[in-house]
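In: the amino acid sequence is not available; the structure is as follows:
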């Protein structure tokens, strides 16, 4: 397959990637069905889905630098699908949180207002919606250059996601350091690209 001329054959990359991206959710579902989520199932579900939100977010925003470094347009063909998986796992993460609050909208709202790291995470979740709703080709054509400006929100979402993650951290400091360094590198690459275009 020629990565420099992506066409219908890109599907041969997307299909296995789609299956792999669903694997964390499938494993969680299997563990839930076999009572293998540990002593605190809700905490396990919340932590795991939250981790995958952030991981897919990092992978998604790395697509543009990979396109520049390798010269392979195929990376950009994968970006939309990966971004939708960010939203998919964010919905699962938020759903687990609502379930933990016994499906009470009043309790959820009180908790969001009371706990700062939840405010940050909820803000990032809300900011994902306009990106998802405008991720199709029709909206890309309709918004024109404004589409790119809107989708730069993904970098703000990444920073908010990192703050949300670090604010509630109790262990796994090595993983937190890796995430922080990756975000710093990806944002640095984006800023360098921005200023080089203005020069």
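Out: Structure received. Values in this document were obtained by computation on a predicted structure and should not be read as measured data. Residues are numbered from 1 along each chain as shown.
In: other residues contacting stretch 154-165?
Out: Stretch 154-165 is contacted from outside by 50, 53-54, 57-58, 60-61, 83, 117-118, 120-121, 123-124, 127-128, 131, 176, 179-180, 183, 186-187, 190, using C-beta atoms under 8 Å, 6 or more residues apart in numbering. Quick note: C-beta positions are derived from backbone N, CA and C, even for glycine.
In: list the buried residues for that stretch?
Out: 154, 155, 157, 158, 160, 161, 162, 163, 164, 165 (16 or more other C-beta atoms under 10 Å).
In: what does stretch 33-46 give?
Out: So for stretch 33-46, counting by 16+ other C-beta under 10 Å, buried means 37, 41, 44, 45, 46.
In: now swap in stretch 124-132 and tell me
Out: Using 16+ other C-beta under 10 Å as the test for burial, stretch 124-132 gives 124, 125, 128, 131, 132.
In: out of the residues you listed, list just those in strands.
Out: The members of the buried residues of stretch 124-132 all map outside strands under DSSP state E.
In: elements contacting the helix or strand of the chain with the lowest mean pLDDT?
Out: Within the chain, no helix or strand scores below helix 105-114, which has a mean of 76 by mean pLDDT, DSSP states H and E. Packing partners of helix 105-114 (3 or more C-beta pairs under 8 Å, 6 or more residues apart in numbering; DSSP states H and E): helix 116-133.
In: contacts for whichever helix or strand comes after the helix it packs on next, please.
Out: Toward the C-terminus, helix 116-133 is succeeded by helix 137-143 as the next helix or strand (DSSP states H and E). Outside of helix 137-143, the residues that reach it under the criterion C-beta under 8 Å, 6+ apart are 133, 134, 147, 150.
In: at 6 Å instead, please
Out: residue 147 (C-beta atoms under 6 Å, 6 or more residues apart in numbering).
In: returning to that earlier point: which two among the buried residues of stretch 124-132 are spaced furthest apart?
Out: Based on C-beta to C-beta, the longest span within the buried residues of stretch 124-132 runs between 124 and 132 and measures 12.9 Å.
In: and the helices in this structure?
Out: 11-33, 41-61, 63-70, 74-100, 105-114, 116-133, 137-143, 145-151, 153-167, 173-198 (DSSP state H).
In: could you dump the buried residues of stretch 33-46 into TSV and include distance to residue 106 and pLDDT?
Out: As requested, the buried residues of stretch 33-46 are arranged in TSV below (distance: C-beta to C-beta, whole Å; pLDDT from 0 to 100):
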residue	distance to residue 106	pLDDT
37	27	91
41	24	91
44	26	93
45	22	94
46	20	92
